[in-house]
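Undergrad: Predicted model and sequence below, questions to follow.
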Amino acid sequence: MDAIVTKVQELADQHRKTGKSVGILATGETESRYRADSVRSLGSRRDLASAAKNLFKLLREFDEDKVDIIVAEAVPPEGLGLAVMNRLRKASGFNIIRAD
């Protein structure tokens, strides 16, 4: 998880330095480790049903917060996590950056 948190924060910081407002879509396990204009949690990585349920609500909240960029953690691409990741991939225009 440390590599993911480091990469997500690095990307957020890069965008903030250019004057962009940044939202981070985290999981409950890492939410408190981030600094951004808006940080939201999908819920626990172990509860992908909750993550799937929360995704659209959180994307709307980022829209209400008027963030320019959303940097999102991945969730395990299995079961409902596959649906969450599919939606995030589409929303990102398939701009995926690996932490490793």
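TA: Right, received. Where do you want to start?
Undergrad: show me what contacts Arg87?
TA: Taking Cβ atoms under 8 Å, 6 or more residues apart in numbering, we find Arg87 in contact with Leu55. Every residue, glycine included, has its C-beta placed from N, CA and C.
Undergrad: what's the closest non-adjacent residue to Glu61?
TA: Arg40 (6.1 Å; Cβ to Cβ, 6 or more residues apart in numbering).
Undergrad: How about residues contacting whichever helix or strand that neighbour is part of?
TA: According to DSSP states H and E, Arg40 maps onto strand 38-41. Strand 38-41 has contacts (Cβ under 8 Å, 6+ apart) with 21-28, 31, 54, 58, 61-62, 65, 67.
Undergrad: Can you list the strands that it pairs with?
TA: strand 22-26 (parallel) (DSSP bridges).
Undergrad: buried residues in the strand it pairs with?
TA: By 16 or more other Cβ atoms under 10 Å, the buried positions in strand 22-26 come out as 22-26.
Undergrad: what bits of this protein have low per-residue confidence?
TA: 100 (pLDDT under 70).
Undergrad: Just give me the residue right at the centre of the chain.
TA: Ala72 (2.0 Å; Cα atoms, centre = their mean).
Undergrad: Chain neighbours aside, what residue packs nearest to that residue?
TA: Nearest non-adjacent residue to Ala72, counting by Cβ to Cβ, 6+ apart: Leu25, 3.8 Å away.
Undergrad: how far away is the one you found from Lys53?
TA: 14 Å (Cβ to Cβ, to the nearest Å).
Undergrad: cool, Lys7 as well?
TA: With Cβ to Cβ as the criterion, Lys7 and Lys53 are 26 Å apart.
Undergrad: Next: Ala99.
TA: Separation of Ala99 from Lys53 (Cβ to Cβ): 25 Å.
Undergrad: And the helices in the protein, which stretches?
TA: For the chain, the helices defined by DSSP state H cover 2-17, 48-64, 80-91.
Undergrad: residues of the first one that come out buried?
TA: Same thing as helix 2-17. 4-5, 7-9, 11-12, 15-16.
Undergrad: cool, and the longest one?
TA: Of the residues in helix 48-64, those buried by neighbour count under the rule 16+ other Cβ under 10 Å are 48, 51-52, 54-55, 58-59, 62.
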